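[1] Let me see the structure of the following:
(chains A and B)
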Amino acid sequence: MTETTAARSLAPAPFDVERVRRDFPALHQEVHGKPLAYLDSAATALKPRVVIEAVDRMYERDTANVNRAVHLLSQRATLAYEGAREKVAKFLGAKEPAEVVFVRGTTEGVNLLAQTLGRTKLRPGDEVLITELEHHSNLVPWQMACEATGATLSVVPVTDEGEVTLRAFREKLSPSTKIVAVAHASNTLGTVLPVREIAELCHEAGAVVVVDGAQAVPHLTVDVQALGADFYVFSGHKLYGPTGIGAVYGRRALFEALPPWQGGGSMIHTVTFRKTTYKGLPDRFEAGTPDIAGAVGLGAAVDYVSALDRAALASHEKDVLDYATSRLSKVPGLRIVGTAPDKIGVVSFVVEGIHPHDLGTLVDGEGVAVRTGHHCTQPLMERYSVPATARASFGMYTTRAEIDQLVRAVEKAKELFS
Amino acid sequence: MDARELYQELILDHGRRPRNFRVPEHATHGAEGKNPLCGDHVIIRADYEGGVVKDVGFQGSGCAICTAAASTMTEAVKGLSRAEVDSLFHRFHELVTGRGEGDPEELGKLAAFAGLSEFPMRVKCATLAWHTLQAALDGGGSASTE
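    Numbers count the residues shown, from 1 in each chain, chains lettered A, B, ... in the order given. Model prediction:
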């Protein structure tokens, strides 16, 4: 190895954000006469052209139902659909594609698990353990499962900074804990949870671990086996893919033992009026015609993200997060909610004297799209005694210049309200 | 429309220093209104006797639009009959949704909310207090603008 190549291999390749931005058509527009600064990727990420084209192609060329007919179009659709499953399985580090089931998104995935795993595993007196920072989608389905089975929902608290500590987990784990459902990263606070360590603790206690990966998947390199996740759920649309598609990963031994969820076509082996037998993984959990084009679009998104230098991307995203944290925290009267040391690109904040909704409207007027509200985490808003927050969240395409635009817009809003 | 034009001086003023932010001394009717989506929360209490709103006040917390709408409403409905309250709310609703045909100036201070018609996502902020007042006059309970 020559000296120069050695030096090159040591220095991380810079992430070419401008090149990436060219791939996202929606970035290149004005809103209210101002260039768009899209800082709402935690709600849904923008889509690169390859994803849009992959979906288009499915409708323009390969429209047919999957796993049914023998004609060529059906064969093409089936290959594309199953190909997408393989891509997702590889992306998550699953052992085999059959461990991946397509669903509408994280919400549907958690409901699938709450209604199959929850209702078969839970008995009166058992506990489901979640954390205080869960999105409603990883809370309400478990609450419903508890109500249906007589189990109890138990909650691990977050610290003032927004962290979930292992000690807090240990205090809540008990022999009654049968299922632990945790976010890999918080949509409101940005906190990355120590899922690997949590899973280890929970497995020692004999609990099954379900991970809500909706926010983590776009930012972290996920390996479900290394994490020790028994189940891992995510949405395609936060990973630069289409809306309406997501996936549930489940470790085969556990997943295939679950009863079927929705009944209908595709999931059956044989049907008689007397009795129906069901297929194994993954068809068992995919009743009816799936979102074929959506799955293929998700496959294209996975390809797009996988082709990037993930280490360079991670360091770019960290740079944007650090820059935003530092710029925003210097704005007088602005308080950041969620200051854990390990975070994804999410900054929730409140500004003294301005309600988040007024702030949201005013910064939108400056071309800046942020989310305002409770972010589907009402218990967390109560925990931090705020009715709502403004949340800026970042994607691979976010730049420091867009953070500057946000800070200027917040300062302008403050002037109006001063 | 510039987003800042939505925030007329009158709205900023009533948002900052809401009028009738209190419980009327002889309150006979009351209701609570919530917009769970954004956390706006309004409690309306009224002295409503003989079919006339003699006094009305509000409490709670919300954005500037919500607070200013509640504040200006309490001023506007004092002394009105139930039918007059409904009719005024109807005209206010048409104004903020951009469907109004009459002269907005007839609405007095309420005309300051005309800009909302260009911000459909914020209309419910302005109507929460009105829905809650109607619920109160109907005999209590709660209102929601989600």
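
[2] what's the burial count for the residue in the stretch 151-300 of chain A that chain B sits nearest to?
    Residue of the stretch 151-300 of chain A nearest chain B, by Cβ to the nearest Cβ: A:Thr188 (13.4 Å). For the C-beta atoms, the positions are set from N, CA and C on the backbone; glycine is no exception. A:Thr188 has 28 neighbours, counted by other Cβ atoms under 10 Å in any protein chain shown.

[3] before we move on, what about A:Leu254?
    15.

[4] which one is it nearest to, not counting chain neighbours?
    Distance criterion Cβ to Cβ, 6 or more residues apart in numbering or on different chains; nearest residue to A:Leu254, sequence neighbours excluded, is A:Asp230 at 5.4 Å.

[5] so that neighbour touches A:Arg251, yeah?
    Yes - here A:Asp230 reaches A:Arg251: they are 5.1 Å apart, a contact under Cβ atoms under 8 Å.

[6] Looking only at neighbour counts, state which of those two leads.
    It is A:Asp230, of A:Asp230 and A:Arg251, that has more neighbours when counted by other Cβ under 10 Å, with 24 against 19.

[7] OK, contacts around the residue of chain B found nearest chain A?
    As assessed by Cβ to the nearest Cβ, chain A sits closest to B:Ala3 within chain B, at 2.6 Å. Listed by Cβ atoms under 8 Å, 6 or more residues apart in numbering or on different chains, the contact set of B:Ala3 reads A:His32, A:Thr361, A:Leu362, A:Asp364, A:Gly365, A:Glu366, B:Phe119.

[8] For the third one, give its distance to chain B.
    If I follow you right, that is A:Leu362. 5 Å (Cβ to the nearest Cβ, to the nearest Å).

[9] Ok, the fifth one next?
    Between A:Gly365 and chain B the distance is 3 Å, computed by Cβ to the nearest Cβ.

[10] Phi first, then psi, for that residue.
    phi -60, psi -20 (degrees, to the nearest 10).

[11] Quick check: chain neighbours aside, which residue is closest to it?
    B:Ala3 (2.6 Å).

[12] Got phi/psi on that neighbour?
    Dihedral angles for B:Ala3 - degrees, to the nearest 10 - are phi -60, psi -30.

[13] Flag the shaky bits of chain A, pLDDT-wise.
    A:1-12 (pLDDT under 70).

[14] Would you map the strands across chain B?
    Secondary structure of chain B (DSSP state E): strands at B:29-35, B:40-49, B:52-61, B:142-144.

[15] Save those strands as a markdown table, and put in mean pLDDT, distance to chain A and mean neighbour count too.
    What follows is these, written out as a markdown table (pLDDT from 0 to 100; distance: least, Cβ to the nearest Cβ, whole Å; neighbours: other Cβ atoms under 10 Å in any protein chain shown):
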| stretch | mean pLDDT | distance to chain A | mean neighbour count |
| --- | --- | --- | --- |
| strand B:29-35 | 94 | 10 | 22 |
| strand B:40-49 | 95 | 8 | 22 |
| strand B:52-61 | 96 | 6 | 20 |
| strand B:142-144 | 72 | 14 | 17 |
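
[16] For these, please prepare a markdown table with the additional fields distance to A:His203.
    As requested, the strands of chain B are exported to a markdown table (distance: least, Cβ to Cβ, whole Å):
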| stretch | distance to A:His203 |
| --- | --- |
| strand B:29-35 | 42 |
| strand B:40-49 | 43 |
| strand B:52-61 | 44 |
| strand B:142-144 | 43 |
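
[17] Any stretches of chain B with poor pLDDT?
    Ranges of chain B meeting pLDDT under 70: B:145-146.

[18] how about the strands of the stretch 1-150 of chain A, start to end?
    A:30-31, A:34-35, A:37-38, A:100-103, A:127-131 (DSSP state E, counting those that start in this stretch).

[19] Take stretch A:264-284, keep the C-alpha atoms, and write them as CSV.
    Output in CSV follows, covering the C-alpha atoms of stretch A:264-284 (Å, rounded to 0.1, in the frame of the first residue of the first chain):
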residue,chain,number,x,y,z
GLY,A,264,-58.2,-14.1,3.3
GLY,A,265,-56.4,-14.9,0.0
SER,A,266,-52.7,-15.6,-0.2
MET,A,267,-52.3,-16.7,3.4
ILE,A,268,-54.1,-20.0,3.2
HIS,A,269,-52.9,-23.5,2.4
THR,A,270,-56.2,-25.2,1.8
VAL,A,271,-59.7,-24.0,2.5
THR,A,272,-62.8,-26.0,3.1
PHE,A,273,-66.0,-24.8,4.8
ARG,A,274,-65.1,-27.0,7.7
LYS,A,275,-61.5,-25.9,8.2
THR,A,276,-58.7,-23.8,6.7
THR,A,277,-55.0,-24.4,7.0
TYR,A,278,-52.5,-21.6,6.8
LYS,A,279,-49.3,-21.1,5.0
GLY,A,280,-46.0,-20.4,6.7
LEU,A,281,-43.8,-17.3,6.6
PRO,A,282,-44.1,-14.8,5.1
ASP,A,283,-47.4,-15.5,3.3
ARG,A,284,-49.2,-16.3,6.6
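
[20] for chain B, what are the nearby residues on the stretch 301-418 of chain A?
    Residues of the stretch 301-418 of chain A lying near chain B by Cβ under 8 Å from any Cβ of the partner chain: A:354-358, A:361-362, A:364-366, A:372-374, A:378, A:381, A:387-388, A:412, A:416-417.

[21] Having no further points to raise, I will conclude here.
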